[in-house]
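Q: the amino acid sequence is not available; the structure is as follows:
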């Protein structure tokens, strides 16, 4: 049973407080997903805000075929994709704001060097790697969320990790040669 099921049903009946509880329960992970896929605090905040508005509006249509968190992740991925499409050129990675608890949560997950390498990945690889390695989603959840077969998810994670290792290896070599 989805741990959010009761709150979802209440929120579907229009109880804003139930939806607020769902948001509170998931906001750190949603923000982490958006921040790691976009590489920008402001873009991540915009994507999450847009995703939550979309989720509230679409909530009456949520059938519960997937876990609520998986459904929310999908909406955040789509919102992040829309934010990225609106951006004319990639923004430089922004350092986390230590006063923002969302940034503290996200910063605990990845180092700056790893985030820069992650930003350089193809979006499909980046989303798969973040969902699997950072947020702990299963292959099945990621497949459902992204609309691709599990084999494709595994392949994207494998390739994404390979590219990350390559980028980080190069970054380490460059850093060592400067010292």
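A: Looks like it arrived, so ask away. In this text, all values refer to a predicted model and were calculated from it rather than measured experimentally. Numbering: from 1, shown residues only.
Q: so how far is residue 10 from the residue most central in space within the chain?
A: Geometric centre of the chain, nearest residue: residue 33, 1.7 Å, by Cα atoms, centre = their mean. Relative to residue 10, residue 33 is positioned 25 Å away (Cβ to Cβ, to the nearest Å). All C-beta atoms are positioned from the backbone trio N, CA, C, and that covers glycine.
Q: ok, then the element right after the lowest-mean-pLDDT helix or strand in the chain?
A: Least confident helix or strand, the chain: helix 101-109 with a mean of 48, by mean pLDDT, DSSP states H and E. Downstream of helix 101-109, the first helix or strand assigned by DSSP states H and E is helix 112-119.
Q: let me know the average pLDDT across that next one.
A: Helix 112-119 shows a mean pLDDT of 81.
Q: do the same with stretch 157-169
A: 90.
Q: run through who's touching it.
A: The contact list for stretch 157-169 (Cβ atoms under 8 Å, 6 or more residues apart in numbering) reads 113-114, 117-118, 120-122, 125-126, 128-129, 132-133.
Q: of those residues, buried ones?
A: Using 16 or more other Cβ atoms under 10 Å as the burial test, the contacts of stretch 157-169 include 114, 117-118, 121, 125-126, 128-129, 132-133 as buried.
Q: out of the residues you listed, which are inside helices?
A: 114, 117-118, 125-126, 128-129 (DSSP state H).
Q: from those, which is closest to residue 81?
A: Of all these, residue 81 sits closest to residue 126, with 11.0 Å by Cβ to Cβ.
Q: verify the stated contact: that closest one with residue 37.
A: Yes. At 5.6 Å, residue 126 counts as touching residue 37 under the criterion of Cβ atoms under 8 Å.
Q: could you give the number of residues near residue 76?
A: 27 (other Cβ atoms under 10 Å).
Q: quick check: which element contains it?
A: For residue 76, the host element (DSSP H and E) is helix 68-86.
Q: remind me what that helix packs against, helices and strands.
A: Applying 3 or more Cβ pairs under 8 Å, 6 or more residues apart in numbering; DSSP states H and E, we find helix 68-86 packed against helix 16-38, helix 41-58, helix 123-129, helix 139-146.
Q: enumerate the positions of the last one that are buried.
A: For helix 139-146, burial by neighbour count (16+ other Cβ under 10 Å) applies to 139, 141-146.
Q: and the contacts of that helix?
A: 66-67, 70, 73-74, 77, 124, 127-128, 131-132, 137, 149-150, 152-154.
Q: can you turn the buried part of the residues you listed into a ChimeraX selection?
A: In ChimeraX, a selection of the buried entries from the contacts of helix 139-146 looks like this (16+ other Cβ under 10 Å):
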select :66,67,70,73,74,77,124,127,128,131,132,137,152,153
